[in-house]
Structures are given as structure tokens and as C-alpha cells.
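Novice: Let me see the structure of the following:
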Amino acid sequence: MTKQKAAAAGLWSALDIVLRQGVQFVVTIVLARLLTPEDFGIIALMGFFTALSIAFAQSGLTMGLVQRQDTSREEESAVFWWNLAIALIFSTILVAAGPALAAFYGHPILASLMWIAAAQIILSALGAVQTALLTRDLRFDQLTRVGIVSSVLAGGAGIGVAVMGGGIWALAAQSVAASAVGSAGMWLASPWRPSAHWHFRTGGSVFKFGTWVSLGNLLEVLYTQGSALLIGKLYGVRDLGFYNRAASTQWLPSAILGQIVGRIALPLFAARAAEPDALRRGLRMAIGLAMMLNLPAMVALAILSPEVILVLFGAKWLPAAPILSILAISGIFLPLHAINLQMVLAQGNTRIFLRNEIAKKTIGVGCMLVGSLFGIVGLAYSQIAYSLLAVIVNTRPSHVSLGYGLTRQLRDLSGLFLATLAMAAGLILLKATVDLDPLPMLAVCTAAGGLLYLLTGLALRSASFTDALSLLPLPRFRPAPSGGEGT
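Specialist: Model prediction:
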């Protein structure tokens, strides 16, 4: 696959994720001003069970279709019907467990919300195979169209219900509408249809790959969203609402970058799985480009968290600001996590993937339990500790198979860290010397910080900056040869 084709696919993938997540974020801002932290806290509990079910029932098998380059229609149909069957089972379990969950958390509405969760799981399963096949073929133009339409319609449904006084049901309506419109759009965008004639054994290799990935993803959801269960029970849904708002705000920029690079990395890496040198170059460039954007975004978010919360969500959400500052630091290495994991999957090393997930989540649970002793702020700090330890685990396979582990990755990123330090110093000085209202302060700091970061990176001749510029239509630009980020 040519560099130009990969770049085009990356641009469409970026457009899809940025627009879809951007619409979602704007809708969230509106809903945050219409609803209460308690509403968001309760819906976070529902979201945990939804995500857990989808991770087990769908993600592994659909990623198996992306990783395999030559699946038959019978194999793809086997995945479709298996996804749907597991979704029905999990949906039934959630509905049956609804009353017990409502009693445990002391919120009777949870029993009714489990019906929404069940519908969302089934609807998502209906479009999962089409999404995987379009992803494998790098048809991100189709995914973009469907994603934007579903985000806009789902957001409109949520805001409409909120304006009419529907309270928490606005968030429920938004989630189920997104799944319904998204899956319907996949059926319209993709010509693929499931066959009624299939057998479980026809999907053997995909199921083998998908089982390990599903177990790993299950552990990921249990850890990343399990804090909702802990906070909801120990500290109440109001504190959970604040924590969830901080986590969602921090997650947006880092997850957008992780999804953009991660989604295109798996099919591209899988196509070059037998070429170590090409994989090493691809891994280096993907990490550099993602970190070039994520690193300054997370550091700036940590410094400007009070202004971000006040401008976006209003004063009633200000208790989320210190949590956001901490979580932003924990998100610095997210691209390293995501891209190194895609490399493991692209090489078909699912056992290594699961083994590493078990190791990381064991570490993470320990960090979370210790952090929970110190309230939601302690839980936020535990995410920093977990991120630092987990990045060691995630980069180990790249070191073994490609000779490109954490030490070399960080050395190649040294220029980015220096540029980010310069930006951070400038932002701290600017906040200390200039007295402005939150909105103008945020605008001035964003412009000044971004300019300082860019100029410093170019002055250092950071490889990540030159790699990014080489993808732009600048005929006279020639990136300087370098073995790392430094001069």
C-alpha cells in the first residue's frame, strides 16, 4: 500500500473521528448545562455495563476480521450471527439484573435504564461486521458519512428530550439513537449481507484470534470503566458525575488521536506483518505523529483545566477541574499504549496481547484500590501511576519483535518533550502575569502556547515535525535525516 493511499485513508479516518467526536462533545456541552452531575453519574453506571457487554460480544471478533486479509463470506457471516447471539444473551442478563443493580446503588431508575443498555448492545451488533470490513478496506469515507449522520441525529434526539424536561432520559435517548442510526447507516454504506448458511467452524481462525482479543478488551473495560462502579458505590453518583465529566474531557483529544492512528494502523501493520523493517518505520512514524499532537494537548489541558471547565460546562462543574488536571497527565502516553497494542495484534500475537492485558490490569487494580482510599482525587492520581507502569508492558513486545522498545521510542520523542516543556513554561508564566476572564484567557493561552510549541519543535528539527510536514503538499520541503528527535 502506498504512502499516499495510507495518508488519504488517515485523513478520512481523522475527519470521521474528529467530526463525530466533535459533534458528540458539543452535544455533551449543551446537555451538561441542561442536566445535573447526578444524571451523568447514573448514566455512567449504565455505560459501564453496556461497554462491558459490547467489548466481550463484538470487539474481538470484528478486530479479527480487520486483521485477517482474506476472510470468506461464510466466515464473516459466522462472526455476524455469533455477535448477534452473544448480544442477545448479554442483553437478557442485563435486563434480568436491573432490579438488583438498582437496589445495590440505591437508584431505582437503573432498572429501567438496563432496557436501554440492552437495546444499545443489540443494535450495535447489527452493524459491527460491516464496520469491520469497511475499516479493513480503509473505506473511511463511508464510515465518515455514517458517523456524522448518526452523531448529529443522536445528539438532536438527546437535546430535544432534555429541552422537554426528560432529565436523564435525554442521555439514554442519545445513546440508543446513536447505535440505531449507526448500524442502519452501515447497512446502507456496505454491500455486504450475512449469509443464512454458515457454521461455527467456518470462522475458526477468526474466532481463535477474536477470543483472545475479546478477553483482553474485557479486562480493559473492567479497568478503565470499573472506577464508575467504585465511585458510584463509595462516593455517590454526584462525585461520579464530576469524575466522569473530567475523564470524558481528558479522553476527547487523546482518544481522538489514538483512534485515528490506531484504526488505520491495524490494517496497515497487518498488511506488512512479515516485514520487520517496514513495521519499525511505520511504528516510529505513527507514534511520532500522534505524540506530536497529544503531548502538548494533555499538558495544556492540565494547566488550563479550570478555564476549560468554566468555559465549556459552567461553574456547577468546577469541582471537576482538579480531577481533569490529574487525568490529563495520565493521558500523555496514550498514543504509545494504543499504537504498540495495534502492532501486537497486527502480528497476530493474541496470546501475548492477553498476557500483557492481564499483567497491566493486575497492576491497575492495585493502583486503583490504593487510590480509592484517598477519594476521587486519589483515584485520578492512580491513573498516572498505572499509565507509567502500563507503557512499559505495552512497549515490551515491540522491543522483542522489532528492537524498538520504550527506551528508543522515548529517545525519538525527546524533541517533542523539550518543545512541550517550553510551551508549559510559557503558559504558566502567562497565567501568572495576565488577568483575564476564562474565555479570553483560554483563547490567548491556546494561541500563544501553540505558537511557542510549533516554533520550538521546528527550531529543534524534531523528526515528528519533519515527518508531518513531509505528508503535506509542500514541494520544496525536504525533511532532514535524523535518527531521533534531537538535532
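
Novice: helix or strand for residue 321, which one?
Specialist: According to DSSP states H and E, residue 321 maps onto helix 321-330.

Novice: for residue 448, same thing?
Specialist: Residue 448 belongs to helix 438-459, assigned by DSSP H and E.

Novice: now that helix: mean pLDDT?
Specialist: Averaging pLDDT along helix 438-459 gives 92.

Novice: which residues are in contact with that helix?
Specialist: The contact list for helix 438-459 (CB atoms under 8 Å, 6 or more residues apart in numbering) reads 292, 296, 300, 303-304, 306-308, 310-311, 415-416, 418-420, 422-423, 426-427, 430-431, 434, 436, 464-465. C-betas here are computed from N, CA, C, even on glycine.

Novice: Centre of the chain to that helix, how far?
Specialist: Its chain's average C-alpha position is 25 Å from that of helix 438-459, according to CA atoms, centre = their mean, to the nearest Å.

Novice: Can you show me the CA trace of it as CSV?
Specialist: What follows is helix 438-459, C-alpha atoms only, in CSV (Å, rounded to 0.1, in the frame of the first residue of the first chain):
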residue,chain,number,x,y,z
PRO,A,438,-11.8,32.4,31.5
LEU,A,439,-12.8,32.6,27.8
PRO,A,440,-10.2,35.2,26.7
MET,A,441,-7.6,33.6,28.9
LEU,A,442,-8.2,30.2,27.2
ALA,A,443,-8.0,31.8,23.8
VAL,A,444,-4.8,33.7,24.5
CYS,A,445,-3.1,30.7,26.1
THR,A,446,-4.1,28.4,23.3
ALA,A,447,-2.8,30.7,20.6
ALA,A,448,0.4,31.6,22.5
GLY,A,449,1.1,28.0,23.6
GLY,A,450,0.5,26.5,20.2
LEU,A,451,2.8,29.0,18.5
LEU,A,452,5.6,28.5,21.1
TYR,A,453,5.4,24.8,20.8
LEU,A,454,5.5,24.9,17.0
LEU,A,455,8.4,27.3,16.8
THR,A,456,10.4,25.3,19.4
GLY,A,457,9.7,22.0,17.6
LEU,A,458,10.8,23.4,14.2
ALA,A,459,13.9,25.0,15.8
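
Novice: how many neighbours does residue 314 have?
Specialist: 12 (other CB atoms under 10 Å).

Novice: Need the per-residue pLDDT for the closest residue to it other than its chain neighbours.
Specialist: In space, and not counting its chain neighbours, residue 314 is closest to residue 33: 5.7 Å by CB to CB, 6 or more residues apart in numbering. Note for residue 33: predicted pLDDT of 90.

Novice: any weak-confidence spans in this protein?
Specialist: Under the criterion pLDDT under 70, the flagged ranges of the chain are 1-14, 57-64, 66-69, 197-218, 254-274, 464, 467-487.

Novice: What count of nearby residues applies to the nearest residue to residue 436 once chain neighbours are set aside?
Specialist: Take residue 436 and drop its neighbours on the chain: the residue closest to it by CB to CB, 6+ apart is residue 444, 6.6 Å away. The tally of other residues near residue 444 (other CB under 10 Å) stands at 15.

Novice: Check the gap between residue 444 and residue 296 for me.
Specialist: Distance, residue 444 to residue 296, using CB to CB, to the nearest Å: 16 Å.

Novice: Equivalent analysis for residue 391, please.
Specialist: Remark: distance between residue 391 and residue 296 (CB to CB) = 18 Å.

Novice: More neighbours: the two, which one.
Specialist: Legend: neighbour count by other CB under 10 Å for residue 391 and residue 296, higher for residue 296 (25 against 20).
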